[in-house]
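J.: Got a predicted structure plus its sequence, pasted below:
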Amino acid sequence: MAQFLRHRREVLQPEDVGMPRGQRRRTDGLRREEVATLCHMSTDYYARLERGTGPQPSEQMIASIAQGLHLTVAERDHLYRLAGHRPPPSGTPSEHVSPGLLRIFDRLEDTPAEIVTELGETLRQTPLGVALTGDLMRYTGPARSIGYRWFTDPTSRLLYAPEDHAHLSRLWVSGLREVSAVRGRGSRAAALADDLLARSDEFRTLWDRQEVGVRPPEVKHFVHPELGTLELTCQTLIDPGQSHSLLVYTAVPGSETYEKLQLLSVIGATALR
């Protein structure tokens, strides 16, 4: 495992993971402290793993390392085995974002963008994405799903213009019905639907309509506490292998929303903290 980690670190370049190269770089590939930052762990802990002197990492830690090193699914599974763990079952939904999708995402620093799962759980947000909607990665449990929050937390709707609410309600229900049918009984999608059926009258009413195929509008109307309404076009890139979507929000150049986005990059996420 130590040899595998060292090799993967040495072949990665800063620009591969959205980091500045800087000057006076003597190390081949990334530095250990840079990988530790990407993996959300201490440099000392990661260095011990590379030296082969650290404790056996947990499955959660291996998942974090695999993502930080931008491993493919095959490489991730290999790392799990090297660490003495069973890899996640193949063909099941995963939170491991593919390297290709991450490379595109890492180049969107000046654009609101996010990577979401098939259940609407946000896995990554650009800084401008956080400034637009707040930190959507902070949620835990079922609330990680935007559709779940939509029907259980009224404040979640404040981010969207009221005239879009009815369509968005149908959208989340339709999407969850489709995913539940694909994943089957016993899946997280089915459990989420059962939970919402017990909690929300609105969800139950829409679920009984048996509606599928509702798609998001091309233009979304976000409501920012300081900038007001922003009309943003949403472009979606889908990774079918991992059932993830990269959502990129753009504005028409010269429009009022375009000017607001420029201001948003200055304001940052201060107003949403």
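T.: Looks like it arrived, so ask away. Predicted, not measured: the structure shown is a model, and the values here were computed from it. Numbers count the residues shown, from 1 in each chain.

J.: show me the contacts for R81.
T.: P87 (C-beta atoms under 8 Å, 6 or more residues apart in numbering). Just so you know, the C-beta spots here come from the backbone N, C-alpha and C atoms, and that holds for glycine as well.

J.: in which helix or strand would I find it?
T.: helix 73-82 (DSSP states H and E).

J.: D77 reaches P87, doesn't it?
T.: Yes. Assessed by C-beta atoms under 8 Å, D77 is found in contact with P87 at 3.7 Å.

J.: ranges for the helices of the stretch 1-150 of the chain?
T.: Secondary structure of the stretch 1-150 of the chain by DSSP state H, counting those that start in this stretch: the helices cover 2-11, 32-38, 43-51, 59-68, 73-82, 99-105, 127-133, 146-152.

J.: The third one packs against which elements?
T.: Counting contacts by 3 or more C-beta pairs under 8 Å, 6 or more residues apart in numbering; DSSP states H and E, helix 43-51 packs against helix 2-11, helix 32-38.

J.: What residues sit buried inside it?
T.: Y46, L49, E50 (16 or more other C-beta atoms under 10 Å).

J.: Which of the residues you listed sits closest to G22?
T.: Y46 (19.7 Å; C-beta to C-beta).

J.: these two touch, right, the closest one and A36?
T.: Yes. Taking contacts as C-beta under 8 Å, Y46 lies within contact range of A36: 4.3 Å.

J.: OK, contacts around T233?
T.: E218, V219, K220, Y249, T250, A251, V252.

J.: Check E33 too.
T.: E33 is in contact with T43, counting by C-beta under 8 Å, 6+ apart.

J.: if I look at it, how far off is F222?
T.: 36 Å (C-beta to C-beta, to the nearest Å).

J.: Equivalent analysis for L5, please.
T.: Relative to F222, and taking C-beta to C-beta, L5 is found at 40 Å.

J.: Toward the C-terminus from the top strand by length along the chain, list the very next helix or strand.
T.: Counting by DSSP state E, the longest strand found in the chain is strand 228-239. Following strand 228-239 in sequence order, the next helix or strand is strand 244-250 (DSSP H and E).

J.: So which residues make contact with that next one?
T.: Residues contacting strand 244-250 (C-beta under 8 Å, 6+ apart): 97-98, 101, 104-105, 108, 111-118, 123, 129, 132, 220, 222, 232-239.

J.: What's the PyMOL line that selects buried ones from these?
T.: Buried residues among the contacts of strand 244-250 (16+ other C-beta under 10 Å), as a PyMOL selection:
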select buried, resi 97+98+101+104+105+108+111+112+113+114+115+116+117+118+123+129+132+220+222+232+234
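
J.: Could I have the CA atoms of stretch 252-266 written out in CSV?
T.: Taking C-alpha atoms only, stretch 252-266 is exported to CSV below (Å, rounded to 0.1, in the frame of the first residue of the first chain):
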residue,chain,number,x,y,z
VAL,A,252,-25.9,35.5,-20.4
PRO,A,253,-22.9,38.0,-20.9
GLY,A,254,-24.0,41.6,-20.4
SER,A,255,-27.2,40.6,-18.6
GLU,A,256,-28.1,41.9,-15.1
THR,A,257,-27.4,38.4,-13.7
TYR,A,258,-24.0,38.4,-15.3
GLU,A,259,-23.1,41.6,-13.4
LYS,A,260,-24.5,40.1,-10.2
LEU,A,261,-22.2,37.0,-10.6
GLN,A,262,-19.2,39.3,-10.9
LEU,A,263,-20.3,41.0,-7.6
LEU,A,264,-21.0,37.6,-6.0
SER,A,265,-17.4,36.6,-6.6
VAL,A,266,-16.4,39.6,-4.4
